[in-house]
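Novice: 3D model of this:
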Amino acid sequence: MLQKIILGIAIFLIVMLGLTFGEAILRYLASYLGFLFHDFVDLMREVQQYLTVHWGKALIALLITIPLVIWISTSKKDELTKPNSHRKIAIVLAIFLGWLGVHRFYLGQIGMGLLFLVLFAIWSPLAYFLALIDALRYAFMGDDEFKLLR
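Specialist: I've put the predicted structure just below:
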């Protein structure tokens, strides 16, 4: 169930990114990569401001996300249970949402996910860096070693 929720959140964010791409997404990414957020409160304030201005895009993204999650979880159920699929999803989550610990929550490591949230609130650049290290680690570890993470 948790994996479906995380998959839904990831799809929603990807759809929102796609809908926003035409509106200076490179400027936003440059500011985010420049560690704009110093703590979790700044992030929540930015998300709230963005949703206030772009509520229509968020609604469209939600309407696209729900059927996609249902379709993926029903038609691709066998593929999602393969260990290689879990690794790919964990890598993508670590790259895009790893600073929030989403990849750790996806792998069932709730404590480490919470640690990433605390780390992001204290010093966000380190959370970004550690998430990228996790993505590289998942990409280069063996199948047996990755199975032990779950």
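Novice: check contacts around L7.
Specialist: Taking C-beta atoms under 8 Å, 6 or more residues apart in numbering, we find L7 in contact with V69, I72, S73, I89. The C-beta positions use only the backbone N, C-alpha and C, and glycine is treated the same way.
Novice: ugh, typo on my part, it should be H103
Specialist: If a contact means C-beta under 8 Å, 6+ apart, then H103 has A90, I91, L93, A94, L97, A131, D134, A135, Y138 as its contacts.
Novice: Can you lay out the contacts of L7 as JSON lines showing secondary structure and pLDDT?
Specialist: JSON lines is the format used below for those (DSSP: H, G, I helix; E, B strand; the rest coil; pLDDT from 0 to 100):
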{"residue": "V69", "secondary structure": "helix", "pLDDT": "75"}
{"residue": "I72", "secondary structure": "helix", "pLDDT": "72"}
{"residue": "S73", "secondary structure": "helix", "pLDDT": "73"}
{"residue": "I89", "secondary structure": "helix", "pLDDT": "87"}
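Novice: which among those residues gets closest to G108?
Specialist: The shortest gap between G108 and any of the contacts of L7 belongs to I89, at 12.8 Å (C-beta to C-beta).
Novice: Just to check, that closest one is in contact with V102?
Specialist: No. Counting by C-beta atoms under 8 Å, I89 stays clear of V102, with 10.3 Å between them.
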